[in-house]
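Peer 1: Sharing a model that was predicted from the sequence below.
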Amino acid sequence: MKHILFALGFLFMAECGAAELCRVKVEEGLASGQSYTAKLDSLLDMEEKCGGDHYYDLVKARLLATNKRFDEALAVVSAKPDFGIYEEHFVILQARVYAARGSTREAMRVLKGFLRNHSQSAAVQLVLGKLLSSEQRFDEALEHFIASAKIEPMAEAYQAAAVAFYALGNCDQAVSSVDQAAALDEKTFHDLGSMLVMSRCYAMQGKFVVATNALKMLLHNNPAAEENSDFQEALSDLRKRIHKAKESGDAATDAHLVTLKGI
């Protein structure tokens, strides 16, 4: 009996050691400055030693998906009898691959199936909310964003909630969500959706100084936003509102404090 237990213990340690070695090799490849295609090629060279390892398979499937080899990515996921400690990650990946292929309904089915037994997964709640939001099902999306934030307060959940609240015409909750996101992560000021929501909501209230500053702050932190069509639309709308308020002499706004040349 002692010999059997010793042998089993030795086998367990050997498996753990092999898994750790694979993880180290995988992370070294991910940290390289190679293209995603080159990273995938390097990873596949480790297939003989690491194939079947949960972490290796997860990264392989992710890189296949990144390289738009969606069928192969799904095949990796489907071939696994279990996902070990990475089940949540595999489920999210599978859903994202389905969505990238245009099968949003199938992606939602996968996520909802997981949530039936793992309702406390903040990450899956968030991903499902984003898919619902992409389908303009904002009421349903908000349920999942709020659930995600309650489980694990994350700026990303509040940012997504802000956009959904705005889409439903609830600017008070939208702005509050942006504030909560910013309190958790200052990178919210880089986020296109959050800052456009902030600007548009304040513009509708005639608070043009804040609305203008929101766009300026976004450009300061994220210069590429200027090329985005949603940004250009928000800027055009803000200018029209300011111009209209100036022409009408609307004293309920602070249009007199803003110059159109400044935006």
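Peer 2: Ah, there it is.
Peer 1: what ranges do the helices span in the stretch 101-250 of the chain?
Peer 2: 104-117, 122-134, 138-151, 155-167, 171-184, 192-204, 208-221, 229-248 (DSSP state H, counting those that start in this stretch).
Peer 1: what's the most buried one of the ones you listed?
Peer 2: helix 155-167 (a mean of 25; mean count of other Cβ atoms under 10 Å). For every residue, glycine as well, the C-beta is placed using N, CA and C.
Peer 1: and the gap between the residue nearest the centre of the chain and residue 185?
Peer 2: For the chain, the residue sitting closest to the mean C-alpha position, by Cα atoms, centre = their mean, is residue 156 at 6.6 Å. Distance of residue 156 to residue 185, given as Cβ to Cβ, to the nearest Å: 8 Å.
Peer 1: How about residue 234?
Peer 2: Relative to residue 185, residue 234 is positioned 22 Å away (Cβ to Cβ).
Peer 1: And the residue nearest to the centre of the chain, what's its pLDDT?
Peer 2: Per-residue confidence at residue 156 stands at 98 (pLDDT).
Peer 1: Please apply the same query to the one 4 residues further on.
Peer 2: Looking at residue 160, its pLDDT is 98.
Peer 1: nearest residue to it other than its sequence neighbours?
Peer 2: residue 145 (5.1 Å; Cβ to Cβ, 6 or more residues apart in numbering).
Peer 1: doesn't residue 162 make contact with the one you found?
Peer 2: No. If you go by Cβ atoms under 8 Å, residue 145 and residue 162 don't touch, sitting 9.1 Å apart.
Peer 1: For the chain, which element, helix or strand, carries the lowest mean pLDDT?
Peer 2: helix 2-31 (a mean of 61; mean pLDDT, DSSP states H and E).
Peer 1: Following element in sequence after that helix, please.
Peer 2: Once the chain leaves helix 2-31, the next helix or strand it forms, by DSSP states H and E, is helix 36-44.
Peer 1: Show the subsequent helix or strand relative to that following helix.
Peer 2: Toward the C-terminus, helix 36-44 is succeeded by helix 47-50 as the next helix or strand (DSSP H and E).
Peer 1: Which other helices and strands does that following helix contact?
Peer 2: Packing partners of helix 47-50 (3 or more Cβ pairs under 8 Å, 6 or more residues apart in numbering; DSSP states H and E): helix 2-31.
Peer 1: if I pick residue 143, what's in contact with it?
Peer 2: Contacts for residue 143 (Cβ atoms under 8 Å, 6 or more residues apart in numbering) come out as residue 129.
Peer 1: residues contacting residue 153?
Peer 2: When the contact criterion is Cβ under 8 Å, 6+ apart, the partners of residue 153 are 180, 184.
Peer 1: From residue 121, how far out is it?
Peer 2: For residue 153, the distance to residue 121 - Cβ to Cβ - is 15 Å.
Peer 1: mind putting the helices of the stretch 101-250 of the chain in CSV, distance to residue 59 included?
Peer 2: Formatted as CSV, the helices of the stretch 101-250 of the chain follow (distance: least, Cβ to Cβ, whole Å):
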stretch, distance to residue 59
helix 104-117, 20
helix 122-134, 17
helix 138-151, 24
helix 155-167, 22
helix 171-184, 28
helix 192-204, 29
helix 208-221, 31
helix 229-248, 33
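Peer 1: Would you mind saying which of these lies nearest residue 62?
Peer 2: Of all the helices of the stretch 101-250 of the chain, helix 122-134 sits nearest to residue 62, with 14.2 Å by Cβ to Cβ.
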